[in-house]
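*Asks:* compute the structure for the input listed below.
(chains A and B)
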Protein chains: 2
Amino acid sequence: MKVVLIGSGNVATHMALAFNAAGHTILQIWSATFEHALTLAERVDSMAIGSLSELTEEAELIVIAVNDDAIEQVVANLEGSNALVVHTSGATSLSSLARMKHYGVLYPLQTFSKARAIDFSLVPLCIEGSDESSFATLKTIAESLSTAVYRIDSAKRKILHVAAAFACNFVNQLYALSDDLLLKNEMDFGLLRPLILETAEKIQVIAPLEAQTGPALRRDEKTLAAHLDLLEGQPELQNIYQTLSDSIKKSHQ
Amino acid sequence: MKVVLIGSGNVATHMALAFNAAGHTILQIWSATFEHALTLAERVDSMAIGSLSELTEEAELIVIAVNDDAIEQVVANLEGSNALVVHTSGATSLSSLARMKHYGVLYPLQTFSKARAIDFSLVPLCIEGSDESSFATLKTIAESLSTAVYRIDSAKRKILHVAAAFACNFVNQLYALSDDLLLKNEMDFGLLRPLILETAEKIQVIAPLEAQTGPALRRDEKTLAAHLDLLEGQPELQNIYQTLSDSIKKSHQ
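*Replies:* Prediction:
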């Protein structure tokens, strides 16, 4: 497939690496910041372009991997294209691309950081197409990138995106808060790393409801009160502690 | 070492397996529920006892792995023992064992479920002793069980226990809430498992603050508002969503 990539952020970077590794040709990469496009283009043997007006008509697939807010403006610049145009956003409807002839969504359900390599073949790809032909093409492309391809419509994908905020963004924030708590008490976050890994590995095989442990589950009010005492002077942590302990109790009534 | 184990819950079970695997002899296991002691004793070639009055004087190490609330009563039954007596609680002070002659704390910083095997050699063991001789003995024992042994005093251990609630108990609750959200929308939790694993694996090598991704980090207010809309009618989820999004923004000012 001849691909054009719009974007140079975390998602765009890992998408570019995956397309490249799967043997597709990335003809061009555009980014709002030309230097970012250049850096990424070098990594995947592509060419950076500074303006969307330079887009080649040879593109069979255009992948829009920019911030959600920027999708609309990109689309306005693609008018008339015969390529299959897809965006990679979890929170944006398929219909945002309705001005295109053939379009779809290619949403990778994963957290990407530029500095960290990832096995893209395990990344769940949630796909949707404007028509059966576009869908079939996108399915073939997706299956060349990953072994985990799912047909998910816009309404469900948005729910999935919210669920991912809970299971990834908020989880990582809890890691960050515990890191900070240890640092303030002259302890190293490394102490918690095996626990964090086991917590995530456990739910690969056990349902989270069954995997739950800790004082809130046991309704150990003495320990819960002691923990809140230890967090005195840190109202934000106390609030999160109380909120999530209440939630655990509610889930295990 | 000749060991007596008090308890038969998740921690006691994994402790018993670890002591057994390291070549120690578990002379006796006591549990408030005799059947539980029997089941565990069978797994580690030990003997169940139904009353603490049956405790053998041969014990060199007595490990108290019961609910925090039950430690005091167990200790009252051990008076006069010459063994090194340790508890495994993160939230309980060393001084709770002050009626013993030789005592300490052996706190495994991990989440244990009976149904799930674990590589105990990687479990961080936080130890503390009533005196240098007890500490040295406990250190040798701990190092026979795990490669990750740390000297941590009671005050720091309590903080560590709170941090573990954030990094494990609350994290798992977020997994459970996302599982429930997907279920209600006819999607499978399996979709999120690669994301959850990557989120935990990423912070094995990157600091959580650097690993953060998502709409709250990007201050993408449109997506944050859309997510809250999607959670309409679920005030508990909305509250957690708002609280943790605010926390992310605060951490990344």
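
*Asks:* report pLDDT for residue A:114.
*Replies:* The pLDDT attached to residue A:114 in the predicted structure is 83.

*Asks:* how about it, what does it touch?
*Replies:* Residue A:114 is in contact with A:10, A:13, counting by Cβ atoms under 8 Å, 6 or more residues apart in numbering or on different chains. For glycine as for every other residue, the C-beta is placed from the backbone atoms N, C-alpha and C.

*Asks:* just checking, it is part of a strand?
*Replies:* No - using DSSP: H, G, I helix; E, B strand; the rest coil, the secondary structure at residue A:114 is coil, not a strand.

*Asks:* can you tell me how far it sits from residue B:10?
*Replies:* 39 Å (Cβ to Cβ, to the nearest Å).

*Asks:* how about residue A:91?
*Replies:* Residue A:91 sits 39 Å away from residue B:10, taking Cβ to Cβ as the criterion.

*Asks:* who's more crowded, those two?
*Replies:* Neighbour count, other Cβ atoms under 10 Å in any protein chain shown: between residue A:91 and residue B:10, residue A:91 has more, with 21 against 17.

*Asks:* wait, isn't the more buried one in contact with residue A:68?
*Replies:* Yes - with contacts counted by Cβ atoms under 8 Å, residue A:91 reaches residue A:68, the gap being 5.8 Å.

*Asks:* joint contacts of those two?
*Replies:* Common contact partners of residue A:91 and residue A:68 (Cβ under 8 Å, 6+ apart): residue B:223.

*Asks:* what comes into contact with the host helix or strand of residue A:159?
*Replies:* Per DSSP states H and E: residue A:159 is located in helix A:154-164. Here helix A:154-164 makes contact (Cβ under 8 Å, 6+ apart) with A:90-91, A:93-95, A:105, A:107, A:109, A:126, A:128, A:152, B:178, B:181-182, B:185-187, B:191-192, B:195, B:226-227, B:230-231, B:241.

*Asks:* give me the nearest residue to residue A:204, chain neighbours excluded.
*Replies:* Distance criterion Cβ to Cβ, 6 or more residues apart in numbering or on different chains; nearest residue to residue A:204, sequence neighbours excluded, is residue B:193 at 5.5 Å.

*Asks:* surely the one you found touches residue A:206?
*Replies:* No - between residue B:193 and residue A:206 there is no contact under Cβ under 8 Å: 11.3 Å.

*Asks:* okay, these two: which has more neighbours?
*Replies:* Per other Cβ under 10 Å, whichever of residue B:193 and residue A:206 has more neighbours is residue B:193, with 21 against 14.

*Asks:* against residue B:89, how distant is the residue of chain A most remote from its centre?
*Replies:* Of all residues in chain A, residue A:222 sits farthest from the chain's C-alpha centroid, using Cα atoms, centre = their mean; the distance is 39.0 Å. When distance is defined by Cβ to Cβ, residue A:222 is 11 Å away from residue B:89.

*Asks:* so for the two, which residues contact both of them?
*Replies:* residue B:68.

*Asks:* burial of residue A:80, as a residue count?
*Replies:* Residue A:80 has 8 neighbours, counted by other Cβ under 10 Å.

*Asks:* you'd agree it is in a strand?
*Replies:* No - read with three-state DSSP, residue A:80 is coil and lies in no strand.

*Asks:* quick check: phi and psi at it.
*Replies:* Here is the backbone geometry of residue A:80 (degrees, to the nearest 10): phi 90, psi -10.

*Asks:* with residue A:85 instead?
*Replies:* phi -110, psi 120.

*Asks:* could you do residue A:65 as well?
*Replies:* Here the main-chain torsion angles of residue A:65 (degrees, to the nearest 10) amount to phi -120, psi 70.

*Asks:* could I get the contacting residues of it?
*Replies:* With contact set as Cβ under 8 Å, 6+ apart, residue A:65 has these partners: A:5, A:6, A:7, A:9, A:11, A:12, A:15, A:87, A:88.

*Asks:* could you rerun that using 6 Å?
*Replies:* A:7, A:11, A:12, A:15, A:88 (Cβ atoms under 6 Å, 6 or more residues apart in numbering or on different chains).

*Asks:* convert the C-alpha atoms of stretch A:205-222 to CSV, please.
*Replies:* Extracted in CSV, the C-alpha atoms of stretch A:205-222 (Å, rounded to 0.1, in the frame of the first residue of the first chain):
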residue,chain,number,x,y,z
VAL,A,205,-6.1,-14.2,33.4
ILE,A,206,-8.5,-13.3,36.3
ALA,A,207,-11.4,-10.9,36.1
PRO,A,208,-10.6,-7.6,38.0
LEU,A,209,-13.5,-8.1,40.4
GLU,A,210,-12.0,-11.4,41.5
ALA,A,211,-8.4,-10.0,41.6
GLN,A,212,-9.2,-7.2,44.1
THR,A,213,-7.3,-7.2,47.4
GLY,A,214,-6.6,-4.7,50.1
PRO,A,215,-8.2,-3.0,53.1
ALA,A,216,-11.3,-1.6,51.4
LEU,A,217,-12.2,-5.0,50.0
ARG,A,218,-11.8,-6.5,53.5
ARG,A,219,-13.7,-3.6,55.0
ASP,A,220,-10.8,-3.1,57.4
GLU,A,221,-12.0,0.3,58.7
LYS,A,222,-9.1,0.6,61.1
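
*Asks:* return the set of buried residues in that stretch.
*Replies:* For stretch A:205-222, a neighbour-count test (16 or more other Cβ atoms under 10 Å in any protein chain shown) marks A:208, A:211, A:212, A:213, A:214, A:215, A:216, A:217, A:218, A:220 as buried.

*Asks:* check stretch A:134-149 too.
*Replies:* Buried-residue list, stretch A:134-149, by 16+ other Cβ under 10 Å: A:134, A:135, A:137, A:138, A:139, A:141, A:142, A:144, A:145, A:146, A:148, A:149.

*Asks:* which of these lies closest to chain B?
*Replies:* Chain B lies nearest to residue A:148 out of the buried residues of stretch A:134-149, by Cβ to the nearest Cβ, at 7.2 Å.

*Asks:* so the closest one makes contact with residue A:127?
*Replies:* No - with contacts counted by Cβ atoms under 6 Å, residue A:148 stays clear of residue A:127, the gap being 11.0 Å.

*Asks:* residue A:183: neighbour count?
*Replies:* Per other Cβ under 10 Å, the neighbour tally for residue A:183 reads 11.

*Asks:* just the C-alphas of the helix or strand it falls within, formatted as CSV.
*Replies:* In this assignment (DSSP H and E), residue A:183 forms part of helix A:171-184. This file holds the C-alpha atoms of helix A:171-184, laid out as CSV (Å, rounded to 0.1, in the frame of the first residue of the first chain):
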residue,chain,number,x,y,z
VAL,A,171,-4.1,4.1,36.3
ASN,A,172,-0.8,5.8,35.3
GLN,A,173,-1.8,8.9,37.4
LEU,A,174,-2.2,6.6,40.4
TYR,A,175,1.3,5.3,39.7
ALA,A,176,2.5,8.9,39.5
LEU,A,177,0.8,9.8,42.9
SER,A,178,2.4,6.8,44.6
ASP,A,179,5.8,7.7,43.1
ASP,A,180,5.4,11.1,44.5
LEU,A,181,4.3,9.8,47.9
LEU,A,182,7.4,7.6,48.2
LEU,A,183,9.7,10.3,47.0
LYS,A,184,8.4,12.7,49.7
